[in-house]
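[1] sequence first, predicted coordinates after that:
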Amino acid sequence: MPILTLTTDWGVCDPYVACFKGSLMMRNSSLQVIDISHEITHFDILTAAYIIKTTYDKFPKGSIHYIGLTGPENHDIEYPFLIVESDGYYFLGFDSGIFSLVLDEKQKNVFYLDARQHEDRKKLKSWY
């Protein structure tokens, strides 16, 4: 069963997290979605990095860790959406600098994903 963890600054006082999780599960009903935190202060990549760094390797290799931090309005242009693989773990989120904080000097495979074209898997390309 695939595992996806969620670490966001979205809060829990509205239906946004539940809608996001529901849309994920509609695409893959066997997906196990685990909430790490949704109470990170907006834009606080240091706190988010600490939380992810201390939790990601407590999950099985192959787990996917989604980092959903609010960014500037043009975040998909200014900060590309990345998929980062390191030591069998996968991380998804905007390139805010958080991946280097979480993974330090560990070997990383980094891929750029045009989030606006997420349905077109051919848009996935290597990014260095």
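    Done, it's in.
[2] so residue 5 sits right up against residue 59, yeah?
    Yes: Residue 5 is in contact with residue 59 according to C-beta atoms under 8 Å; the separation is 6.6 Å. Bear in mind the C-beta positions are built from the backbone N, C-alpha and C, glycine included.
[3] between those two, which contacts overlap?
    Shared contacts of residue 5 and residue 59, defined by C-beta atoms under 8 Å, 6 or more residues apart in numbering, comprise 34, 65.
[4] these two: which is more packed in?
    residue 5 (21 against 17; other C-beta atoms under 10 Å).
[5] how close does residue 67 sit to residue 22?
    Distance, residue 67 to residue 22, by C-beta to C-beta, to the nearest Å: 20 Å.
[6] tell me which of those two has more neighbours.
    Between residue 67 and residue 22, residue 67 has the larger neighbour count (other C-beta under 10 Å), namely 26 against 11.
[7] dump the residue contacts of the more buried one.
    Counting by C-beta under 8 Å, 6+ apart, residue 67 has contacts 7-8, 48, 52, 91-94, 98.
[8] sort out for me which of these are in helices.
    Residues of those located in helices (DSSP state H): 48, 52, 98.
[9] can you tell me which of these is closest to residue 86?
    Ranked by distance to residue 86 (C-beta to C-beta), the ones in helices among the contacts of residue 67 are led by residue 52 at 11.7 Å.
[10] burial of the closest one, as a residue count?
    Using other C-beta under 10 Å, residue 52 has 26 other residues around it.
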